[in-house]
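Asks: please work out how this folds:
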Amino acid sequence: MGGEEMKYIKEAFDTNWVAPLGRNVEMFEKEMCAYTGRKQAVALSSGTAAIHLGLKYLGVKEGDIVFCSSFTFSGSCNPIAYLGAIDSDYESYNMSPAALEKAYEKYPAPKAVVVVNLYGQPANYEAILKITRSHGTPVLEDSAESLGATYTGVQTGNFGDISFNGNKIITTSGGGMLMCDDEKTKEKVLFWATQSREKFPWYQHEEIGYNYRMSNICAGIGRGQLLVLDERVKQKR
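Replies: Model (predicted):
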């Protein structure tokens, strides 16, 4: 812990906001956007939830093919309904551009590509994006382990989601965040993450929703942790 977490947790209790909404949640999203340079964020209960909703937003459904690095924790690939796994690159330990091209030869029309930044090391995005863009395939970046790292001077997390599990560079005890640049995407993901409740004075649900929103207490921990992120990156290196 960095020392400032209890201040935000106390604020949550003092204001009686301990549910999955409140000032800590809103400010944590804004502060994370300010750090990474993304425009929008949705704080969620886990990084896996962020991947799930990210793939859902990209239209992935049963029977679709999604490429994902095989050298990763199961949380990166559990949300995928159908998986065509590929090998890892020995230079970055992440998705291999050469193997990605081979995967396209076998499955020419995947619905998405999940790229994982393992152990704080960004993948070779220059080569990977050149391939995916030539095929018109969207990329969902799993930067759960690389928060604070940069690729060509750009903060990781500028393609997809971030996780704050207990074993990550900073933690919210448990949690994640989906990051994007447009308001439309944020509002849709937030809608799904809060049980897809329609704006009626009664319980109205027209889509399947999920209980994925981050609690105000966990967000308070995250705000305190964010203050020591740069220090943690130096310690990790």
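Asks: roughly how far does Arg197 sit from Glu206?
Replies: Counting by CB to CB, to the nearest Å, the gap from Arg197 to Glu206 is 10 Å. No exception for glycine: its C-beta is placed from N, CA and C like everyone else's.
Asks: who has more neighbours out of these two?
Replies: Each of Arg197 and Glu206 had its neighbours counted (other CB atoms under 10 Å), and the higher figure belongs to Arg197 (14 against 8).
Asks: who are the neighbours in contact with the residue nearest to the more buried one when sequence neighbours are not counted?
Replies: Setting aside the residues directly before and after it, Arg197 is nearest to His205 in space (CB to CB, 6 or more residues apart in numbering), at 6.2 Å. Listed by CB atoms under 8 Å, 6 or more residues apart in numbering, the contact set of His205 reads Gln195, Ser196, Arg197, Glu198.
Asks: which among those count as buried?
Replies: With neighbours counted using 16 or more other CB atoms under 10 Å, these contain no buried positions.
Asks: nearest to Glu141 among those?
Replies: Nearest to Glu141 among the contacts of His205, counting by CB to CB, is Ser196 at 24.9 Å.
Asks: just the pLDDT at the closest one, thanks.
Replies: Per-residue confidence at Ser196 stands at 94 (pLDDT).
Asks: tell me who's in contact with the nearest residue to it once chain neighbours are set aside.
Replies: In this structure, Ser196 finds its nearest non-sequential neighbour in Gly209, 2.9 Å apart by CB to CB, 6+ apart. When contacts are counted by CB under 8 Å, 6+ apart, Gly209 is found next to Phe191, Trp192, Ala193, Thr194, Gln195, Ser196, Arg197.
Asks: check Leu147 too.
Replies: When the contact criterion is CB under 8 Å, 6+ apart, the partners of Leu147 are Thr36, Thr156, Gly157, Ile162, Lys168, Ile169, Ile170, Leu229.
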